[in-house]
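# sequence first, predicted model second:
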Amino acid sequence: MGKDKKNKVLMSGNEAIAEGALQAGCLFYAGYPITPQNELIGYMSVHMFEKNGVFIQAESEIAAINMVYGASAAGVRAMTSSSSPGISLKQEGISYIAGAELPAVIVNIMRAGPGLGNIWPAQSDYFQATRGGGNGEYRCIVLAPASVQESFDLMSTSFGLADKYRIPVIVLGDGMLGQMMEPVQLPVASCQLPGKTKKPWALTGCKGREQNIVKSFYMREGDLEKFNLKLQGKYAQIMKNEQEYEEVDTKDAMIILVAYGSMARIAKSAVKFLSGKGIKAGLIRPITLWPFPVKAFQPRNRNICYLAVEMSYGQMVEDVKLAVCGKAKVAFLGRSGGGIPTEEEIINKAKTLSPKA
Amino acid sequence: MGKDKKNKVLMSGNEAIAEGALQAGCLFYAGYPITPQNELIGYMSVHMFEKNGVFIQAESEIAAINMVYGASAAGVRAMTSSSSPGISLKQEGISYIAGAELPAVIVNIMRAGPGLGNIWPAQSDYFQATRGGGNGEYRCIVLAPASVQESFDLMSTSFGLADKYRIPVIVLGDGMLGQMMEPVQLPVASCQLPGKTKKPWALTGCKGREQNIVKSFYMREGDLEKFNLKLQGKYAQIMKNEQEYEEVDTKDAMIILVAYGSMARIAKSAVKFLSGKGIKAGLIRPITLWPFPVKAFQPRNRNICYLAVEMSYGQMVEDVKLAVCGKAKVAFLGRSGGGIPTEEEIINKAKTLSPKA
Amino acid sequence: MTEKIIIAGSGGQGIMLLGKVLAEAAMFEGKFVTWLPAYGAEVRGGTAHCMVIISDEEIGSPYIDKADTLIIMNKPSLNRFSGRLKKGAVMITNSSLVTPEDKRLKAIGYPFTGLAVKLGNVKVANMVALGCYLAHKKTVGISSVLAIIKKMAPAGRSDLVKINQGAVDMGVNLSNG
Amino acid sequence: MTEKIIIAGSGGQGIMLLGKVLAEAAMFEGKFVTWLPAYGAEVRGGTAHCMVIISDEEIGSPYIDKADTLIIMNKPSLNRFSGRLKKGAVMITNSSLVTPEDKRLKAIGYPFTGLAVKLGNVKVANMVALGCYLAHKKTVGISSVLAIIKKMAPAGRSDLVKINQGAVDMGVNLSNG
Amino acid sequence: MDKIYAHPKSLRDLPTHYCPGCGHGIAHRIIAEVVDELGIREKIIAVAPVGCAVIAYDYWDFDCSEAAHGRALAVATAIKRVRRDNIVFTYQGDGDLAAIGTNETIHADNRGENLTVVFINNGVYGMTGGQMAPTSLLSQKTATTVKGRDAQIHGFPLKISEMLALLPGVKYIERTSLHSPQEIIKTKRAVKQAFSNQIEGLGFSLVEILSPCPTYWGMAPRAALDWVRDVVIKEFPLGRIK
Amino acid sequence: MDKIYAHPKSLRDLPTHYCPGCGHGIAHRIIAEVVDELGIREKIIAVAPVGCAVIAYDYWDFDCSEAAHGRALAVATAIKRVRRDNIVFTYQGDGDLAAIGTNETIHADNRGENLTVVFINNGVYGMTGGQMAPTSLLSQKTATTVKGRDAQIHGFPLKISEMLALLPGVKYIERTSLHSPQEIIKTKRAVKQAFSNQIEGLGFSLVEILSPCPTYWGMAPRAALDWVRDVVIKEFPLGRIK
Amino acid sequence: MPKITINRDKCKGCLLCISVCPKKLISVETSLNAKGLSPVKFKDNGECLGCAQCAIICPDCCIEVYK
Amino acid sequence: MPKITINRDKCKGCLLCISVCPKKLISVETSLNAKGLSPVKFKDNGECLGCAQCAIICPDCCIEVYK
Ligand SMILES: Cc1ncc(C[n+]2csc(CCOP(=O)(O)OP(=O)(O)O)c2C)c(N)n1
Ligand SMILES: Cc1ncc(C[n+]2csc(CCOP(=O)(O)OP(=O)(O)O)c2C)c(N)n1
Ligand code: SF4
Ligand code: SF4
Ligand code: SF4
Ligand code: SF4
Ligand code: SF4
Ligand code: SF4
Ligand SMILES: [Mg+2]
Ligand SMILES: [Mg+2]
């Protein structure tokens, strides 16, 4: 951040996501209001027209995600946003987008559940985002910004990845991130603008070429399995190439916190505090939740302990366990339903875990 | 099965589920047609009226799950059924049912995806069923029958568990199980009939008591977290008490197949074949997918190998890995998109894994 | 003993019923049995098939990769399923509509459709074929099949019972006679 | 330096704006800053609050459990937030509408609303409070705040700029004078 | 001295979370009065929406269910079908009933479910901060139509009651308003009719109530009521629709 | 010798998967002919439904998108909004358009999207085995109404076209039938009108086509057409609705 | 003589009652209530008609009417 | 003289063409086509009107008409 005052704007996470999308060349947005992401749809409703893009307040989240399907099929960068209950409703649509291999960006500013729950921040839709809450064998790339600046920056990454792999990308934030304001440096340095990726598959009318079909249905025996294998190949590629994470002081750490999004901010404060107390603590902050950054968990000292910290009762921790695979201790601290593990709680838990030495 | 011819009826899995539900005292069904579970809704449309129950062909899967919410809120045993894309649409509704602590049974006769995919059998909605495809921190009990008889039998189990814990129960079958016919012994021996569980929380009109409210919304700070902790307590209870599985020849086995539902039938054939060839093979067949039967994976010989076999590219295998936690080898064989691992493929894979001895 | 049969033909030929009668008879005899239909959009355009497995032991997959017997009632079915026959296994064909050209296939052909027309109802071709099958593979007893036909018929339709039972008998006698 | 401020009052009092002006000024000075509003149905019924953190270092949670300063503009806000103050920390109160009874609380009270009315616009009570706050905690410079007020005003509304800046000045001078 | 206007029994004596001058409070009271007058408090089951009225169950003192946003009529259909002797109604906003819930609304009506619906048309999404509702007026400024609703882009104000009236399953539809005591009395009469119809088993009845949202109309409460009287009813004429 | 009735260019010369006598085949051909005649094959983008016509894209030789069951009009809305120069239409069954998709249908219409809809009303869910559709006739026997549709339980045949006609965003709605060559010619005229409207930017146009499903009506193809002529059009009268 | 009572602490000061009282008997209080809002008060000068217009329009059910 | 051609292998034998031909020039074939169905055939006896009724109603687009 530093002292560079130029081009900095105080923005909320929701606004930064919207602005980031617009600067990344998003030309279609459809959404339905829901707290805590209303500033996002609000921002889009004003600024999309300035870009000559299309903004639609849809009649429902389901209509919105299927509109995104349509706009993307027609070849433009398209997105929707919502919060947890609304994202649940989009699951079939997301599955179709994955099945039709369409690029699309879906923003989930998570709130606490289950059901209507409340509007407070939470990270309880991790499983849904990373393992597909919809039907069938598909994945979405899942990105988790931890600051307003990163919320802005990751939008161009999202659209870039979506186009590159023809895959739905989920940006997973939470109510705190969506609502809070921070300074943001605009515009993004290297913007993966559209046009880089050609879209010969898009529906544009068949002038001068064969018919294009966008679909997820495979009628003939064997075809769907073949297609599924193709998808799996793509996913393997993404797992290999696209893991992103931030590491803080992990080198000599005996206790490594693992946290993403808003939660990671608090975990980082805790790490600083612990280090100050002479406890060798570090942090792994997954930026891609799928592919999960298993790379970051390459074998370390067997005596170290990972402490997954979540605004949930333990979802990402499963990925940590799967990555560590019994080769180190994995502990967990979490709260949900609007509760957020505090810096103090993290510090206390970490203290009980760090090997006496 | 044996030689007892009495009361045996040749039924499809879909019909057996419907009949099982009716015999378990289900008095409300709402559904929307989708292959391969149409015989289920068809059966209900005919036979529910004979029981003076309510059958509604809903305008959509979403309406259906919310009708189930309503009927259950009013105190009757209620269910819906669908197949994968339709189940995706029900995710918000299931989350609400979990959040309102309502008993309900949801049948998913899985088909291959993603998107429209096709109507062939698959097991690719395991993650969705076991980890909640909907928003928030909730669980459903998930039961996976492997035969038509068991499809029938588990319906009374399902309604019993749903009432006992006030929780949604998912019965997870696949197109093969739903479509195939086998002999079924009627009626079920010990039927967990309704009426056993009192429902003082049900909406019946407030005559002679305080107002009842069925809801998942918690407005005041702290209340939702408290409620979430209560749910977690319930889930811990269920994990402790309700794990169900079948074990075949696991005692001395050096290779243990893990498979559920239709897949387990084929795996069982493979185990028989392998044993015949002198390879010490066994099978763990989870009947409850959540709670996953971790009990069945208590420490064994470190040299054994678990082989998870699925009609998917690897979903249940994560639960196997989490249960085994690095203490034994875990291998995987899977096909999806309509492809089903054959007995031969399983045998070949198992042979490559079984320790040479 | 495990017997895996694929039965295939066109929509109106009573393919599913043929399979169900066989399966019911097996159940009647206390055997393990599975019956698996083709389903869904596959059925459009008029082809139909089902798979029946009868065994003394618990049955694994109801799906048949390689069949012990094929019962083929029309030409498209031959093309689709002839590759599914185990080596040296038997194929029963409805020679009114189809005759395998590939001489390596061990086919037992009779004009089931023609014979059914003679019996006065083209729809019982399936039962003639069933009888023919039973004469070759004694998977279940003829008497069980006859009893099942009676059981499955709608009340008061003894005419249906009679013609169907007659068709089975005719099928049985084709190769016996 | 890290300063955590909770600002609370009723809907029409410009609570959010107070926080934003402060946050913008901090950003203008190159500081790290976060601003977190109360949101959603919480806002119904007329209470409003926001949380501002200003620091020389990266900021963890924007949520404030224990505040270095409270700015309390009405009575319900006092009840809700008085427990959130760090031991010995300062509370700035709008004595036109609220005066803490608990004598242990270290409260600096001035009648911001009353003073704003005197300035000719009840709505600038928030800026008077901001000035008062800045006089006590020099988290950001007064000049930065005045610049931000100018920047944030709609074009052509120099009247607004003037009265708001005047209100800040008045607030600054309350305790200075 | 007689109390001639008393707090209805079915309404708890609590402060509500609604903004000053919000029509929801009036509508809640009307329902409570009707429930008292018909003596059905112990039989009634309400289905509350997701919208500003989400916690209506905290104010009414009778059995209530929450429903997911837009699904109130699916929930109510099931409750009524399994409990024929209870009186079941939904209370829904315009977003709930006429946007996300359009499908459930139309098909419950078309099935002729013996239900009562109180439909609060305030032309805006109150709960989420004043976005456009299907019923927002042309050129109405909302959080998502800052330049005003434009038919070309956002479509027209949706007259769902008129559409529903076409369905043979529907018994009674009336549009009323809260803009004056006189209209409130008419509204109450209509609500009573809608409940009486259910008691008599006559089928689906709906009352659409034009209701002010002073907060997101950006008006003082009185001005909001005048706006209903002078402007809203031009687009949404009052009276019996079926 | 001139070919006076030829296979349209926009329709592939392939056997279809439809049952003998199914109306979908006729409707596909009509659309292909209109597309050819209007010379818009290279501009057109079709949105196919989930229903028996799910693979319509295999038959038409122009750009096509699948849409999830019921969501064709959401998909089409977006395509048209981002590609104003293309001609976009949906082809939907009665389950797709008037059951699960009711909400998308009504709101796309209400927004007055400049789209064309071909709505195949065959009174049944063909794809899934002949269950009741919203448009099934009273006392019609289906897989889920074995004793016939009963208004008390299953509701009434839904006249969604009449409902849609109320919406100001809708330009043109006509109901036609396939029961004779004459009616087929009228249907084609209507479909052409619906496309021409879009080309001229006039707004939402829908043609509801009464179409036979011999398989799930349990009738021979000819009998099914006679049934349309003698029975179905009594409930669903032909002609211009708007 | 008819009169009304106003539940001061529930009153949100929306002023709707004021706008409908034919006798202008209701006015804003200067002191705030527990909610921190300015409630309204009734002037019991014997002119009240007991017409209940005020009660009927009150969104917060603050007013009861006696006759 | 007008006439029609029938794509025998695409024909599904629905018989709709037969039902509309004013001259009764179309009839069922006894032999089956590739699909295993009984297609229809045209009697080219010079009576064909080229009215295309048969082609218009054919759901499988099997018929072309020449004049
Ligand atoms: C599935 C889902 N989508 C969106 C929301 C957010 N939401 C809550 S209420 C509401 C609309 C409120 O408008 P209306 O129904 O008109 O009620 P009002 O608040 O105006 O009374 C919305 C969009 C939600 N809770 N759930
Ligand atoms: C979400 C979802 N629900 C249900 C289905 C199953 N389904 C496929 S088509 C169809 C209805 C078909 O009826 P209709 O739209 O009338 O078309 P038709 O086949 O009659 O032409 C249904 C219910 C599905 N594919 N997806
Ligand atoms: S936002 Fe509008 S509808 Fe909601 S409580 Fe306030 S005034 Fe009422
Ligand atoms: S089932 Fe009906 S609609 Fe579907 S192809 Fe067959 S006849 Fe046509
Ligand atoms: S009852 Fe009538 S006259 Fe009396 S205060 Fe109320 S409105 Fe005024
Ligand atoms: S109408 Fe009610 S809430 Fe409004 S000012 Fe009058 S008494 Fe107070
Ligand atoms: S063109 Fe007319 S006359 Fe000739 S075969 Fe066809 S329907 Fe008959
Ligand atoms: S109408 Fe077409 S498909 Fe039907 S019988 Fe005639 S040629 Fe064959
Ligand atoms: Mg509203
Ligand atoms: Mg249909």
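Everything's here; your move. Ligands and ions are numbered 1, 2, ... in the order given.
# count of neighbours near the nearest residue to residue A:260 once chain neighbours are set aside?
Distances taken as C-beta to C-beta, 6 or more residues apart in numbering or on different chains place residue A:144 nearest to residue A:260, at 4.3 Å, with adjacent residues excluded. For every residue, glycine as well, the C-beta is placed using N, CA and C. Look at residue A:144: counted by other C-beta atoms under 10 Å in any protein chain shown, it has 30 neighbours.
# just confirm residue A:144 contacts residue A:290, I think it does.
No: look at residue A:144 against residue A:290 with C-beta atoms under 8 Å: they stay out of range, at 10.0 Å.
# burial of residue 175, as a residue count?
Just going to use chain A. 29.
# could you do chain C instead?
Neighbours of residue C:175 under the rule other C-beta under 10 Å: 13.
# and the residue in chain A that ligand 6 sits nearest to, how many neighbours?
In chain A, the residue that lies nearest ligand 6 is residue A:35 (26.1 Å; C-beta to the nearest ligand atom). By other C-beta under 10 Å, 23 other residues sit near residue A:35.
# select the longest helix from chain E.
helix E:181-199 (DSSP state H).
# anything in that one near chain F?
No: figure legend: helix E:181-199 not in contact with chain F (C-beta under 8 Å from any C-beta of the partner chain); closest approach 15.4 Å.
# can you pull the contacts of the residue of chain A closest to ligand 6?
Going by C-beta atoms under 8 Å, 6 or more residues apart in numbering or on different chains, residue A:35 touches A:83, A:111, A:119, A:175, D:39-41, E:127-129.
# same check on residue A:94?
Here residue A:94 is in contact with A:65, A:106, A:132-134, A:140, A:168, A:170 (C-beta under 8 Å, 6+ apart).
# how about the residues you listed, which pair is most distant?
Greatest spatial distance among the contacts of residue A:94 (C-beta to C-beta): A:65 and A:132, at 14.1 Å.
# of the two, which one has the most company?
The residue with more neighbours, out of residue A:65 and residue A:132, is residue A:65; 32 against 29, by other C-beta under 10 Å.
# where's the more buried one, which helix or strand?
helix A:61-73 (DSSP states H and E).
# now that helix, how far from the centre of its chain.
For helix A:61-73, the separation from the chain centroid amounts to 19 Å (computed by C-alpha atoms, centre = their mean, to the nearest Å).
# any part of the helix or strand following it near chain F?
Per DSSP H and E, the first helix or strand lying C-terminal to helix A:61-73 is strand A:78-82. Yes: part of strand A:78-82 sits near chain F under the criterion C-beta under 8 Å from any C-beta, namely residue A:78.
# list the neighbouring strands of strand A:78-82 plus their orientation.
Each strand paired with strand A:78-82, and its direction, by DSSP bridges: strand A:28-31 (parallel), strand A:104-110 (parallel).
# show me where the stretch 1-150 of chain A has strands.
A:8-12, A:28-31, A:54-57, A:78-82, A:104-110, A:141-143 (DSSP state E, counting those that start in this stretch).
# so what's residue 5 scoring on pLDDT?
Assuming you mean chain A. We have a pLDDT of 52 for residue A:5.
# you looked at the wrong chain, it should be chain G
pLDDT, residue G:5: 97.
# again with the one 10 residues further on
In this model, residue G:15 is scored at 97, pLDDT.
# contact partners for it?
Listed by C-beta under 8 Å, 6+ apart, the contact partners of residue G:15 are E:21, E:220-222, G:28, G:40.
# ok, and the most crowded of these?
Greatest neighbour count in the contacts of residue G:15, by other C-beta under 10 Å, goes to residue E:21: 27 neighbours.
# OK, contacts around that one?
E:212, E:214, E:220-222, E:224-225, G:12, G:14-16, G:59.
# mind listing the helices for the stretch 151-300 of chain A?
Counting by DSSP state H, counting those that start in this stretch, the stretch 151-300 of chain A has helices at residues A:175-179, A:223-241, A:261-276.
# out of those, which gets nearest to residue H:45?
Smallest distance to residue H:45 across these (C-beta to C-beta): 46.8 Å, for helix A:223-241.
# ok now stretch A:106-116, how far from the chain's centre?
The chain centroid and the centroid of stretch A:106-116 are separated by 13 Å, computed with C-alpha atoms, centre = their mean.
# hang on, I meant stretch E:165-185
Using C-alpha atoms, centre = their mean, the offset of stretch E:165-185 from its chain centre is 10 Å.
# restricting to C-alpha, output it in PDB.
Provided in PDB are the C-alpha atoms of stretch E:165-185 (Å, rounded to 0.1, in the frame of the first residue of the first chain):
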ATOM      1  CA  ALA E 165     -57.600 -13.200 -12.000                       C
ATOM      2  CA  LEU E 166     -57.600 -15.100 -15.300                       C
ATOM      3  CA  LEU E 167     -57.100 -18.400 -13.600                       C
ATOM      4  CA  PRO E 168     -60.200 -20.500 -13.000                       C
ATOM      5  CA  GLY E 169     -58.900 -21.600  -9.700                       C
ATOM      6  CA  VAL E 170     -59.000 -18.100  -8.200                       C
ATOM      7  CA  LYS E 171     -62.100 -17.100  -6.300                       C
ATOM      8  CA  TYR E 172     -61.400 -13.600  -5.100                       C
ATOM      9  CA  ILE E 173     -58.900 -10.800  -5.800                       C
ATOM     10  CA  GLU E 174     -59.100  -7.200  -4.700                       C
ATOM     11  CA  ARG E 175     -56.600  -4.400  -4.700                       C
ATOM     12  CA  THR E 176     -56.700  -2.000  -1.800                       C
ATOM     13  CA  SER E 177     -54.600   0.800  -0.300                       C
ATOM     14  CA  LEU E 178     -53.400   2.100   3.000                       C
ATOM     15  CA  HIS E 179     -53.300   5.700   2.100                       C
ATOM     16  CA  SER E 180     -56.100   6.900   4.400                       C
ATOM     17  CA  PRO E 181     -58.200   5.600   7.300                       C
ATOM     18  CA  GLN E 182     -61.000   5.000   4.800                       C
ATOM     19  CA  GLU E 183     -58.900   2.900   2.600                       C
ATOM     20  CA  ILE E 184     -57.500   1.000   5.500                       C
ATOM     21  CA  ILE E 185     -61.000   0.100   6.600                       C
END
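# fine, thanks again, bye for now.
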